[in-house]
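Asks: Here's a sequence, model it:
(one chain, ligands or ions: 1)
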Amino acid sequence: MIVISEVIHPVGLELLSSFPVYYDPDLYQRRAELLERVATADALIVRNHTAVDAELLRHGPHILAVGRLGVGLNNLDIEALRQRGIAVIVPYGANATAVAEYVLGSLIIFRRHLMTLARHTKEGHWKRDMKGNEVKATTLGIVGFGATGQAVAQRAQALHIRVKVHDPTKTQMIPQTWRSTSLENLYAESDHITLHVPLNTQTFHMINTQTLSLMRPDALIINTARGELVDEQALWRRLTQNQLAGAILDVREHEPPSVPDPLATLPNVWLTPHIAGLTAQSQQTIAEAVAAGVTTALLKAGKTP
Ligand SMILES: O=C(O)[C@H](O)COP(=O)(O)O
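Replies: Now for the predicted structure:
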């Protein structure tokens, strides 16, 4: 039995249809039932809401493979999975284009004030005095140089944006002209900063009062990675002191954020519901890759459809 506890593109269900599948896109919300369901599971397929931890693995003694319909792994206890010898299927890079297009698209729209102008114009105004800025010759600081950071850098270069990258785990892969001497310098030099690192103990609240103080007052922060990378209270303080141009946040410390949401009241903060990586194309590619990976893992373990 393959248990799928969060939403998957239909192509994934089709590809897995030769195996018995239990699919409930809301199952992650009912933990007790999920723990019962995994008792007979050979494989589990999740997005970012299902905590695949020691407790779940205890309840799923037969699990051979875990498929992740995305690339962030902070909801998976990787060490526990490794100890059990469970195959972890991750479609690395499959939503990099989606995220990179979101980052560059929203950056241009923000710097040209296009959301405000489109609203004003529909309201009957003809306001031609709100001059936007070009992104050409500005500096984009990219934190993290995995598949997504690389996709952002390539597109930024095509737009004649100066690219600065910091990723101590991939220094040799970063072209010399893109390398930032330190994270502090990247923060200080960038007109726009975009985060593409995983959430872990080192990256939790990496954007905080101290690091925000290094940034220029006209800097824009874009976070499409994980909400917990940003100390939202510190960000709110910085924004309300007019010490930052704005923030584009696709991910939040709590999802959905609790109401009232102080950040939502600020006009220079744009919020989207964790969709930067979600396009028709990325979801299809991800489902195909995870279905193929889970199938291979099950066949290898002698589980025939
Ligand atoms: O980790 C990811 O790839 C993105 O945050 C999307 O996550 P999701 O597919 O679990 O929604």
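
Asks: And the residue of the stretch 201-305 of the chain found nearest the ligand, which helix or strand is it part of?
Replies: Nearest residue of the stretch 201-305 of the chain to the ligand (Cβ to the nearest ligand atom) works out as residue 277 at 4.2 Å. Placement of C-beta: from N, CA and C, glycine included. Under DSSP states H and E, no helix or strand contains residue 277.

Asks: Around the ligand, which positions in the stretch 1-150 of the chain sit nearby?
Replies: 47-48, 69-72, 95 (Cβ under 6 Å from any ligand atom).

Asks: Likewise for the stretch 151-300 of the chain?
Replies: For the stretch 151-300 of the chain, the residues in contact with the ligand (Cβ under 6 Å from any ligand atom) are residue 277.

Asks: buried subset of the residues of the stretch 1-150 of the chain next to the ligand?
Replies: 47-48, 69-72, 95 (16 or more other Cβ atoms under 10 Å).

Asks: coming back round to it: quick check: closest non-adjacent residue to the residue of the stretch 201-305 of the chain closest to the ligand.
Replies: Spatial nearest neighbour of residue 277, excluding adjacent residues (Cβ to Cβ, 6 or more residues apart in numbering): residue 95 at 3.5 Å.

Asks: can you map out the helices along the stretch 101-250 of the chain?
Replies: With DSSP state H, counting those that start in this stretch as the criterion, the stretch 101-250 of the chain has helices at 114-122, 147-158, 183-189, 209-212, 232-240.

Asks: Output those helices in a markdown table; the columns should cover mean neighbour count and mean pLDDT.
Replies: Below are those laid out as a markdown table (neighbours: other Cβ atoms under 10 Å; pLDDT from 0 to 100):
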| stretch | mean neighbour count | mean pLDDT |
| --- | --- | --- |
| helix 114-122 | 13 | 96 |
| helix 147-158 | 21 | 98 |
| helix 183-189 | 17 | 98 |
| helix 209-212 | 16 | 98 |
| helix 232-240 | 18 | 98 |
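
Asks: Nearest to residue 58 among the ones you listed would be which one?
Replies: Across those, residue 58 has its closest neighbour in helix 147-158 (32.8 Å, Cβ to Cβ).

Asks: just to revisit the earlier point, need the per-residue pLDDT for the residue nearest to residue 277.
Replies: For residue 95, the pLDDT comes out at 98.

Asks: Export the residues of the stretch 1-150 of the chain next to the ligand as JSON lines, with columns for secondary structure.
Replies: Converted to JSON lines, these look like this (DSSP: H, G, I helix; E, B strand; the rest coil):
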{"residue": "47", "secondary structure": "coil"}
{"residue": "48", "secondary structure": "coil"}
{"residue": "69", "secondary structure": "coil"}
{"residue": "70", "secondary structure": "coil"}
{"residue": "71", "secondary structure": "coil"}
{"residue": "72", "secondary structure": "coil"}
{"residue": "95", "secondary structure": "coil"}
